[in-house]
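Engineer: no sequence for this one, just the structure:
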């Protein structure tokens, strides 16, 4: 790629998008007066807007950049996991959402305080904040990859990623700080439209580049076995199987959409429980179609590049963008990538600020949601979290593992404990606050052992025999395993507590 590849027209499209999104977010936040309005938009968002906001938030730049790389390196097996996402959403819609709407809550973890107590609420909020900060830093890093490729010819390599990350982080913080959840949702609608249009454009261009169009591409990738979809293997070391997909993907979706404030906060912005249920189930269908679109892009890229090796799988689609997209469309596609990450980044900042304000600051300060001081502190927390997430992205190292796998693994690390805490509260009537915290602590520590089993066994050979069974557990199983351990440990604690009380 030469320095002139990114033309003035591309730059104009990109700058217009960035300026327009930032201005829209600031304008939408002009009349906010309370923290409830700032964090859940006064529960006034229509269901279809919430649905697309959920889609835009959970897919982010990882879908745009990393999912094509999965199909390029493998096949369509990832769709088995996405099918599980739909099943998990149905459970959330009819098990957790009714309980959230009964209490007119602002954060998901308020429900745990009602069931167990304030300490449980603060514990789960802190777990969420740590997990979300790590996962979102990875997402910001992922989006900076194509930006760095574009500005590469005019800047030394060591400054590429930091510059791209700082630009993205700064602009997102500005409109999120000013606009709150209302700005997050409505700007995400624009952003979702742009990056889906980008994916469709890539499909069209790839078809035009092949002699026989998509008929020839599909024949080519079919001969290579890349259209393979269903895998009925029962081994837990394979991530893309029908069992890992439906069970593991289902539990992952239950946790991400029922116990993660990033998504729950959007659902709480809906006008009613019924609207929230329509939004979450509808989002599962839309996400399935969207993942299929970007996996199809990956198949086209494999045919286009004839399976050539890349330094990192996350550079495959960005390389095609900067080398093959015509001017004007190149700017739009880059804007699509930026849109994808800004949507999740802004939502994460708002969700982290909401939990900090409502779960930590308000209980400790004794202030209410309607207090002007609470509203002011909410904005300050949004600003601080924006700085933290941008800083985390600056520290993230480049590697050969697809970024989407890293992000999902980070999320799965604690999701099981969070979901297990909610399940304890709903299904184990005898469980108390001590049991919930004990169960979640055991769940997190156990998942730490499973996630780090392989590197620990490699570093300390004397541990290999003990850690061997855990060393190759695929990431879709993390949430199911973590949830099972958390509920089991919490239930056991409740019986031990009852026995000690009797003696």
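Structural biologist: Looks like it came in fine. Just so you know, these numbers come straight off a predicted model, no measurement behind them.
Engineer: Could I get the pLDDT score of the nearest residue to residue 296 once chain neighbours are set aside?
Structural biologist: Spatial nearest neighbour of residue 296, excluding adjacent residues (C-beta to C-beta, 6 or more residues apart in numbering): residue 203 at 6.1 Å. C-beta coordinates here come from the backbone N, C-alpha and C atoms, glycine included. Looking at residue 203, its pLDDT is 91.
Engineer: And the next helix or strand past the host helix or strand of residue 203?
Structural biologist: Using DSSP states H and E, residue 203 sits within helix 157-209. Moving toward the C-terminus from helix 157-209, the next helix or strand (DSSP H and E) is helix 213-223.
Engineer: got the contact list for that next one?
Structural biologist: For helix 213-223, the surrounding residues in contact (C-beta atoms under 8 Å, 6 or more residues apart in numbering) are 203, 206-207, 210, 212, 227, 299-300, 302-303.
Engineer: so for the helix or strand that contains residue 52, what's the average pLDDT?
Structural biologist: Taking DSSP H and E as the definition, residue 52 sits inside helix 47-73. The pLDDT scores in helix 47-73 average 83.
Engineer: Would you mark the buried spots in stretch 374-388?
Structural biologist: Using 16 or more other C-beta atoms under 10 Å as the test for burial, stretch 374-388 gives 374-375, 377-379, 381-383, 385-386, 388.
Engineer: Contacts for that stretch, please.
Structural biologist: Outside stretch 374-388, the residues that touch it by C-beta under 8 Å, 6+ apart are 32-35, 38-39, 133, 169, 172-173, 176-177, 180, 348-350, 352-354, 356-357, 361-362, 367-368.
Engineer: Please, a PyMOL command that selects the buried ones among those residues?
Structural biologist: Buried residues within these, by 16+ other C-beta under 10 Å, are selected in PyMOL with:
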select buried, resi 32+34+35+38+39+133+169+172+173+176+177+180+348+349+350+352+353+354+356+357+361+362+367
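Engineer: ok, back up a step: what's around the residue nearest to residue 296, how many residues?
Structural biologist: Using other C-beta atoms under 10 Å, residue 203 has 18 neighbouring residues.
Engineer: Can you verify my assumption that it contacts residue 294?
Structural biologist: No: using C-beta atoms under 8 Å as the test, residue 203 is too far from residue 294 to be in contact (9.4 Å).
Engineer: about what we covered before: the residue nearest to residue 296 and residue 298, how far apart?
Structural biologist: According to C-beta to C-beta, to the nearest Å, residue 203 and residue 298 sit 11 Å apart.
Engineer: Next, show the common contact partners of these two.
Structural biologist: By C-beta under 8 Å, 6+ apart, no residue touches both residue 203 and residue 298.
Engineer: Distance-wise, check the most centrally placed residue in the chain relative to residue 266.
Structural biologist: Centrality entry for the chain: nearest residue to the mean C-alpha point is residue 58, 4.2 Å, by C-alpha atoms, centre = their mean. Noted for residue 58: a distance of 10 Å to residue 266, by C-beta to C-beta.
Engineer: now residue 483
Structural biologist: 23 Å.
Engineer: what about these two, which has more around it?
Structural biologist: Neighbour comparison, residue 483 and residue 266: the larger count goes to residue 266, with 33 against 26 (by other C-beta under 10 Å).
Engineer: ok, and what's touching the host helix or strand of residue 243?
Structural biologist: Element membership for residue 243 (DSSP H and E) is helix 242-243. Residues from elsewhere that reach helix 242-243 (C-beta under 8 Å, 6+ apart): 80, 230-234.
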